[in-house]
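K.L.:
generate coordinates for the sequence data below:
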Amino acid sequence: MLDVIRIYVVLKGDLSDEQVERLSQISERCPVHRTLQGGPRMFTEVDHIKG
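P.N.:
As a prediction, the model looks like this:
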C-alpha cells in the first residue's frame with residue numbers, strides 16, 4: 001500500500017520570494033493533489049533556482 005507521495009517542484013528563473021510562495025500554494029491546489037490528500041500523506045517541496 002502506498003503511504004507517502006513526495007512532490008518536488010523546481011522553479012527556475014528570476015522570481016521574488018512572494019512569487020515562489022504563491023506558486024507553491026497554487027501547486028497544492030491542483031485537482032490531483034486535492035483528490036489524493038484524502039488518502040496517503042503528501043509533502044510538497046519547492047526548489048527555486050535563480051537565473
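
K.L.:
name the element Y8 belongs to?
P.N.:
Y8 is part of strand 4-12 when elements are defined by DSSP states H and E.

K.L.:
for the helix or strand of the chain with the lowest mean pLDDT, which helices and strands make contact with it?
P.N.:
Scoring the helices and strands of the chain by mean pLDDT, DSSP states H and E places helix 31-36 at the bottom, with a mean of 74. Packed against helix 31-36 by the contact rule (3 or more Cβ pairs under 8 Å, 6 or more residues apart in numbering; DSSP states H and E) you find strand 41-49. Using the backbone N, CA and C atoms, a C-beta is placed for each residue, glycine as well.

K.L.:
tell me the average confidence for the strand it packs on?
P.N.:
On average, the pLDDT along strand 41-49 is 85.

K.L.:
which SS state does Q25 fall under?
P.N.:
helix (DSSP: H, G, I helix; E, B strand; the rest coil).

K.L.:
and it, what does it touch?
P.N.:
Contacts for Q25 (Cβ atoms under 8 Å, 6 or more residues apart in numbering) come out as none.

K.L.:
I7 pairs with what?
P.N.:
Taking DSSP bridges as the rule, I7 bridges to T44.

K.L.:
look up how far E21 lies from it.
P.N.:
As judged by Cβ to Cβ, to the nearest Å, I7 and E21 stand 16 Å apart.

K.L.:
many thanks, have a good one.
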